[in-house]
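In: Provided below are the primary sequence and the corresponding predicted coordinates.
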Amino acid sequence: TELKHEIKVARDGSRIVTDLTLKLLEPTDQAAVEDVMRQAAKHRSVASTDMNSVSSRSHSVFTLHLNAVHTEQRQTLKGSLNLVDLAGSERLERSGATGDRAKEAVAINKSLSSLTDVFVSIGKKSGHIPFRNSKLTYLLQPSLSGDGKTLMMANLSPTEDSYNESLCSLRFAAQVNKCELGKPKRAISEVSSSEDSCVESTSKGGSRTPRKKHQVAGRNAQGRNVRR
């Protein structure tokens, strides 16, 4: 049976996805990192349509959680890197998708529409950003709320038959280009001397770079579950 992943919010505002494997890695262990990436690629949902024999039927989100420790100042610095591969929008009359493939196309288009709404609201500096309209945008909320930086690359088809899809992608990219997320913040935890616990605090830039990196954690979420 397929697991139903839920998105939970941690005390520090970060996102936690249930029923996923969080694997600890040494940042210098290249082989282990590549092995995790290969495992993530295997979980990508693809199927054949009239447009593509290996059409993506889901978005894919791969998250790296990084922790660094400054032993002298007894501080830890936490960060996350989200690698997101969005499935492209799809017109059913071209893809010929039916049954489950058609349902996947509708879900993909709906989540992309929700992502567009988020970028439109950010670009207009609206008081309310509709992050909760989809699981994809809710998962990425910390990265799109001024706590980080975002880089997006839009892929276009070189064929004339894909003119409409390419035009939609360009319009989407133009909307994203209007967004300003502001200066990213550093999430620093201070290690208590009396208790072996961390008190979360946030400071804006300028703090000393931690000297010792302890671990890198990789997590993969199948886009099929994220976008529902």
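Out: Alright, I've got the coordinates. Because the structure is predicted, anything quoted here is derived from the model rather than measured. Numbers count the residues shown, from 1 in each chain.

In: quick one: which helix or strand includes Ala173?
Out: helix 163-177 (DSSP states H and E).

In: quick one: mean pLDDT over that helix.
Out: In this model, helix 163-177 has a mean pLDDT of 87.

In: given the following helix or strand past that helix, what are its sheet partners and their directions?
Out: Next along the chain after helix 163-177, taking DSSP H and E as the criterion, comes strand 186-191. The strands beside strand 186-191 in its sheet (DSSP bridges) come out as strand 75-85 (antiparallel), strand 198-203 (antiparallel).

In: okay, buried residues for the host helix or strand of Ala105 please.
Out: Using DSSP H and E, Ala105 falls within helix 100-123. Across helix 100-123, burial judged by 16 or more other CB atoms under 10 Å covers 101, 104-105, 107-109, 111-112, 114-122. From N, CA and C alone the C-beta is placed, and that goes for glycine too.

In: quick one: mean pLDDT for it?
Out: On average, helix 100-123 scores 88.

In: distance from it to the middle of the chain?
Out: 14 Å (CA atoms, centre = their mean, to the nearest Å).

In: for it, which helices and strands make contact with it?
Out: The contact analysis (3 or more CB pairs under 8 Å, 6 or more residues apart in numbering; DSSP states H and E) places helix 100-123 against helix 92-95, helix 135-139, helix 163-177.

In: by how many degrees do that helix and strand 75-85 diverge?
Out: Here helix 100-123 runs at an angle of 130 degrees relative to strand 75-85 (axes from the mean of the first three to the mean of the last three CA atoms, to 10 degrees).

In: relative to helix 163-177, how tilted is helix 100-123?
Out: Going by the same axes, to 10 degrees, helix 100-123 makes 30 degrees with helix 163-177.

In: just give me the neighbour total for Ala97.
Out: Neighbour count of Ala97, defined by other CB atoms under 10 Å: 23.

In: meant to ask about Asn133
Out: That count, for Asn133 with other CB under 10 Å as the rule, works out to 16.

In: find the nearest non-adjacent residue to it, please.
Out: Among residues not flanking Asn133 along the chain, Ser114 sits closest, at 4.3 Å (CB to CB, 6 or more residues apart in numbering).
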